[in-house]
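Peer 1: okay, predicted coordinates and the sequence, questions at the end:
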Amino acid sequence: MAIARSIDDARLVAPVLLDVELANVCWKKCRRMPAQRPLFLSAYALRHSLAIELISIDQDEALVLALETGLSAYDASYLWLARKLDVELVTLDSRLAAIARS
């Protein structure tokens, strides 16, 4: 998979909001498929084993970026961090990826 190749041996970073976003995804899946709740909770617990460095971002600057690009404040947070660190933004969101490339 292209994503796996692009992050192999890379330093992985994300805004601190990643934990909240992952919790929300887990919550949604548990609501939609309650029989699989133990599986989703187990998968959610794996986030602690991921080597992703969580970094605080400047929310004021991320908000300005969101307004400039039309991205959500969440997506703009990832874009802000990638630009601040001058690193590639790896995402499956095609709109976010296109804005990051521009």
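Peer 2: Noted; the coordinates are in hand.
Peer 1: all contacts plus neighbour counts: C-alpha atoms, from now on.
Peer 2: OK.
Peer 1: for the protein, what are the low-confidence residue spans?
Peer 2: Along the chain, segments meeting pLDDT under 70 span 1-2, 4.
Peer 1: mind jotting down where the helices sit in it?
Peer 2: Per DSSP state H, the chain carries helices over the ranges 2-7, 18-32, 37-45, 59-69, 73-85, 94-101.
Peer 1: so for Ile52, which of these sits nearest?
Peer 2: helix 18-32 (9.6 Å; C-alpha to C-alpha).
Peer 1: show me what counts as buried in that closest one.
Peer 2: Leu18, Ala23, Cys26, Trp27, Cys30 (16 or more other C-alpha atoms under 10 Å).
Peer 1: then stretch 37-44?
Peer 2: Arg37, Phe40, Tyr44.
Peer 1: with distance to Glu68 added, can I get those residues in TSV?
Peer 2: Formatted as TSV, the buried residues of stretch 37-44 follow (distance: C-alpha to C-alpha, whole Å):
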residue	distance to Glu68
Arg37	39
Phe40	36
Tyr44	33
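Peer 1: ok, which of the helices of the chain comes nearest Ala51?
Peer 2: helix 2-7 (11.1 Å).
Peer 1: could you export stretch 3-18 as PDB, CA atoms only?
Peer 2: The C-alpha coordinates for stretch 3-18 follow below in PDB (Å, rounded to 0.1, in the frame of the first residue of the first chain):
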ATOM      1  CA  ILE A   3       0.600   4.900   2.600                       C
ATOM      2  CA  ALA A   4       2.500   2.200   4.300                       C
ATOM      3  CA  ARG A   5       5.500   2.700   2.000                       C
ATOM      4  CA  SER A   6       5.500   6.500   2.500                       C
ATOM      5  CA  ILE A   7       5.600   6.200   6.300                       C
ATOM      6  CA  ASP A   8       8.000   3.300   6.600                       C
ATOM      7  CA  ASP A   9      10.800   4.400   8.900                       C
ATOM      8  CA  ALA A  10       9.500   7.900   9.000                       C
ATOM      9  CA  ARG A  11       9.000  10.100  12.100                       C
ATOM     10  CA  LEU A  12       5.300  10.300  12.600                       C
ATOM     11  CA  VAL A  13       3.700  13.300  14.100                       C
ATOM     12  CA  ALA A  14       0.100  14.500  14.500                       C
ATOM     13  CA  PRO A  15      -1.700  17.300  16.400                       C
ATOM     14  CA  VAL A  16      -2.700  16.300  19.900                       C
ATOM     15  CA  LEU A  17      -6.300  16.200  18.700                       C
ATOM     16  CA  LEU A  18      -5.500  12.800  17.100                       C
END
